[in-house]
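Visitor: Test case, fold it:
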Amino acid sequence: MHTSTPTTAGGPTTAGGPTTSRVRRITGLKPTGHLHLGNLTGAIRPVVDGQYRAETIVFLADLHALTVTHQPERIRGLTLEQATMLLAAGLDPDRALLYVQSQVPEHTELHYLLECATGYGEAQRMIQFREKSAERQQVRLSLLSYPVLMAADILLHDVHEVPVGEDQSQHLELTRTVANRFNARYGDTFTVPRAVHPAVSARVMDLADPTAKMGKTSASPAGTVFLLDPPEVIRRKMLRAVTDPGRTVEYDPQRRPGVTNLLEILASCLGGSPAALAADYGSYAQLKSAVAEAVEGILRPIRTRYTELARDPGYVRRVLADGAERARENAADTVHRAKRAIGLLSH
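Guide: Numbering: from 1, shown residues only. From the prediction side, this is the model:
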């Protein structure tokens, strides 16, 4: 049975086998909307910082974007936009592997093999499936099976760590369960990854509703700071952010969610603890102005670099094509191992 011991590229480590000191991590972004401040603090910045310490894999999960009604042109446009934004934020294609999920067919091939080791009830119990299916009369089968595709995304690359928020923890646990079951039934095949949970400040809440997470498809765009928002829009959204009854600036996640959210955003931009920063501001207006300035400070260079890269979309497409080719090298080996283990190929 696998643990999360580091592996060498091309296959899982067996007892006493060779290891590498570099941990391998994977992150996926779904092109369902424009990237926002929560994506930057919770996913993009940790990936950019981590590429110097770990083997880093980033993929754009366009297949996952097909689980709901979508516009084909919008999916293609957002995929290119997100790739450009990742590069603008500092992802180095010479250090990290960046590619589009659908350009590596091993994702879907492994998906089916893992479905053969997953129970219907396990997929049906996923919280996100229950919530989203309850909202719709017509539910696509892919919405039920997409946690298994997510498991394939992860297991395909023999990764050791997966950064996850609370909303994805259940899906990672399913990945671990399926990988352990497959290994037990068919022999040592997959590395079983562990979860890495983001810092508190990585969870950015909606400015209009601080009890809800900021999202790419939020009902109220006024509550979401998009990475390409111009300075005047950022400032307007911050100044209109919902706060709490009272006048003092205090860090209290339970009783003061609005002010707490602003303090956590400020801490993610400037460093330090949200509670310590609270003492520097005597009013909500001062806090909001400081947050707007800090957010603009980190977004300005990203927007500038994005504009430069967007002038040459051919470069970004070449980065993605090269990434897909590199990704297939290890992915093909993983699928071959899985097919041999499950009985489709001879040993």
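
Visitor: quick one, what contacts residue 229?
Guide: By CB atoms under 8 Å, 6 or more residues apart in numbering, the contact list for residue 229 reads 237, 299. Yep, even glycine has a C-beta here, placed from its N, CA and C like the rest.

Visitor: Which of the three states applies to it?
Guide: coil (DSSP: H, G, I helix; E, B strand; the rest coil).

Visitor: Please apply the same query to residue 93.
Guide: Relying on three-state DSSP, one would call residue 93 coil.

Visitor: separation between it and residue 321?
Guide: Going from residue 93 to residue 321 by CB to CB, to the nearest Å gives 11 Å.

Visitor: Between those two, which is the more surrounded one?
Guide: residue 93 (21 against 13; other CB atoms under 10 Å).

Visitor: who touches the more buried one in this structure?
Guide: Contacts of residue 93 (CB under 8 Å, 6+ apart): 87, 319, 322, 323.

Visitor: which one is residue 81 nearest to, not counting chain neighbours?
Guide: Among residues not flanking residue 81 along the chain, residue 34 sits closest, at 7.1 Å (CB to CB, 6 or more residues apart in numbering).

Visitor: Residue 169 now?
Guide: Per CB to CB, 6+ apart, closest to residue 169 is residue 195, 6.4 Å.

Visitor: May I ask which helix or strand encompasses that neighbour?
Guide: Taking DSSP states H and E as the criterion, residue 195 maps to strand 194-196.

Visitor: Just after that strand, pick out the following helix or strand.
Guide: Moving toward the C-terminus from strand 194-196, the next element (DSSP H and E) is helix 231-239.

Visitor: C-terminal to that next one, what's the next element?
Guide: Next element after helix 231-239 (DSSP H and E): helix 257-270.

Visitor: buried set for that next one?
Guide: 257-269 (16 or more other CB atoms under 10 Å).

Visitor: that older thread, can you name every helix or strand that the strand holding residue 195 contacts?
Guide: strand 161-163 (3 or more CB pairs under 8 Å, 6 or more residues apart in numbering; DSSP states H and E).
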